[in-house]
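Trainee: sequence plus predicted model, see below.
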There are 2 protein chains.
Amino acid sequence: MDLRDRLVRVGGELVDSEGIGALSLREIARRAGVSHGAPRRYFPTHLELLSAVAREGFTELAARAEAALADGPGGPRARLSVLARIYLDFAVERRGRYELMFRHDILNSGYLGLRDTSLPLFHLLTDLVAQALPSHTPAPSPEVVAAALWANLHGIAELWNWGSLTLATGAADPGSFLEAALTAHLGPTPGGDA
Amino acid sequence: MDLRDRLVRVGGELVDSEGIGALSLREIARRAGVSHGAPRRYFPTHLELLSAVAREGFTELAARAEAALADGPGGPRARLSVLARIYLDFAVERRGRYELMFRHDILNSGYLGLRDTSLPLFHLLTDLVAQALPSHTPAPSPEVVAAALWANLHGIAELWNWGSLTLATGAADPGSFLEAALTAHLGPTPGGDA
DNA sequence: GCCCAGCCGTAGACACTGTCTACGGCCGAC
DNA sequence: GTCGGCCGTAGACAGTGTCTACGGCTGGGC
């Protein structure tokens, strides 16, 4: 296997298990069994390696979303609920990776490449929102609603991971916040609660 | 002036102007005009110094909120709008500081002290939400709505600072997202738009 | 007035980090 | 068979956070 891919994979396992603080260049190189100078042949800088690890996270998140949305047709609102759940589950399960994926202070250099990987996900969200939006009232554009919903999801994910939501409300599961966010931004579910 | 206070102040100026990456222990010591070992007398660890800088941020945010809410009485919904705006403005103006304040991977050691400083702000939010919540429907508890609103605000702040909201929607000001979040979580404004 | 103790900051060492550079070894092309 | 180029090694360098030994200054007890 290519050393380049191996480095990204090792970095991914490392950030998934040990968190963002363990992602030093030399540690990745050690775990990949090469010297500390080897990664430089493929990633001119430490941050570019981290960007590649983050990008891998985006592709996996997109794959999860695609897989979950593939089998059941369902209405757009139900699909949005699934998508939001996928997003939140990813953020909680792969906490370190999720943090890395949104650490823009780290990833600015590789940001252009990252954007290409994360934009399709946002477009998927926008499309679903456009289908799910009620047709009454002068609703704002789907992009705006999708962005607002995304901001809400991201905030829930971060606060949940910090324990702030549990601390403030005693909630044992972020699902209620998720559904509240969907209802808040899209209106009440047309077909009932389920 | 106490060296302890000077270090916190210098660190605060540094994170406000240069961002979180510039906040090394030795750089703070240099700018304070002392040797790199001096801070250790007051902060056993680099992270505890950073926690103190973050705490100063929370107290200033609380002071801003208090000042803004003091002069005008206004309805609870209007006061919530002011509070949300204060929060968002702080996050945008003091971007580095805001990032630091919510970098829980850094601040875990001083987290207990931080919680004491940030909890009153959340209680203020909860109180206002309790007053602003419409009395129809089996509304969820004010804590839950306040937490959901906070999560939304935080998400807006982060995505806005990253430029993601501008990129996705072309918006030139985060205010529309802010008002949308208020409406989404509290229901439409009873007294109109203003 | 002197002396001594304790606080405060200095300075150097240590392990670790990311980056840069000079080097060798191996493999394929000619 | 020889030569060139890719790949990884290894060491140097500046920077970091932490730890420790040291000096200097100040204030209190006699």
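Mentor: That came through, no problem. Predicted model only: the values in this text are computed from it and were never measured.
Trainee: okay, domains of chain A per the record?
Mentor: Domain assignment for chain A by automatic domain parsing gives A:1-44, A:53-186.
Trainee: return the most buried member of these.
Mentor: Comparing those by mean neighbour count (mean count of other CB atoms under 10 Å in any protein chain shown), domain A:53-186 ranks first with a mean of 18. No exception for glycine: its C-beta is placed from N, CA and C like everyone else's.
Trainee: that domain close to chain B?
Mentor: Yes. Residues of domain A:53-186 contacting chain B under CB under 8 Å from any CB of the partner chain: A:99, A:102, A:104-105, A:115, A:122, A:140-141, A:143-144, A:146-148, A:150-156, A:158-159, A:161-162, A:164-165, A:167-169, A:171, A:176-177, A:180-181, A:184-185.
Trainee: give me the number of residues near the residue nearest to A:F43 when sequence neighbours are not counted?
Mentor: What sits nearest to A:F43 in space, not counting adjacent residues and going by CB to CB, 6 or more residues apart in numbering or on different chains, is A:L49, at 4.0 Å. Per other CB atoms under 10 Å in any protein chain shown, the neighbour tally for A:L49 reads 23.
Trainee: so for the helix or strand where A:L49 lies, what's the average pLDDT?
Mentor: Counting by DSSP states H and E, the element that carries A:L49 is helix A:46-71. Helix A:46-71 carries an average pLDDT of 95.
Trainee: cool, and stretch A:92-104?
Mentor: 96.
Trainee: how far out from the middle of the chain is it?
Mentor: Taking CA atoms, centre = their mean, to the nearest Å, one finds stretch A:92-104 lying 7 Å from the centre of the chain it belongs to.
Trainee: one more: stretch A:170-179?
Mentor: The answer for stretch A:170-179 is 18 Å, by CA atoms, centre = their mean.
Trainee: how about the residues of chain A by DNA strand D?
Mentor: Applying CB under 7 Å from any atom of the strand, we find that chain A lies next to DNA strand D at A:3, A:29, A:34-38, A:40-42.
Trainee: please repeat the previous calculation with a cut-off of 6 Å.
Mentor: Within chain A, the positions adjacent to DNA strand D are A:3, A:34-35, A:37-38, A:41 by CB under 6 Å from any atom of the strand.
Trainee: ok, which of the residues you listed also contact chain B?
Mentor: Answer for those near chain B: none qualify (CB under 8 Å from any CB).
Trainee: looking at these, which are in helices?
Mentor: Assigned to helices by DSSP state H, the following of the residues of chain A next to DNA strand D qualify: A:L3.
Trainee: tell me the two of the residues of chain A next to DNA strand D that are most distant?
Mentor: A:L3 and A:G37 (12.1 Å; CB to CB).
Trainee: can you redo the residues of chain A next to DNA strand D as JSON lines with pLDDT and distance to B:G12?
Mentor: Compiled in JSON lines, those are given as follows (pLDDT from 0 to 100; distance: CB to CB, whole Å):
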{"residue": "A:L3", "pLDDT": "96", "distance to B:G12": "43"}
{"residue": "A:V34", "pLDDT": "98", "distance to B:G12": "41"}
{"residue": "A:S35", "pLDDT": "98", "distance to B:G12": "41"}
{"residue": "A:G37", "pLDDT": "97", "distance to B:G12": "38"}
{"residue": "A:A38", "pLDDT": "98", "distance to B:G12": "40"}
{"residue": "A:R41", "pLDDT": "97", "distance to B:G12": "41"}
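Trainee: good, we can wrap up now.
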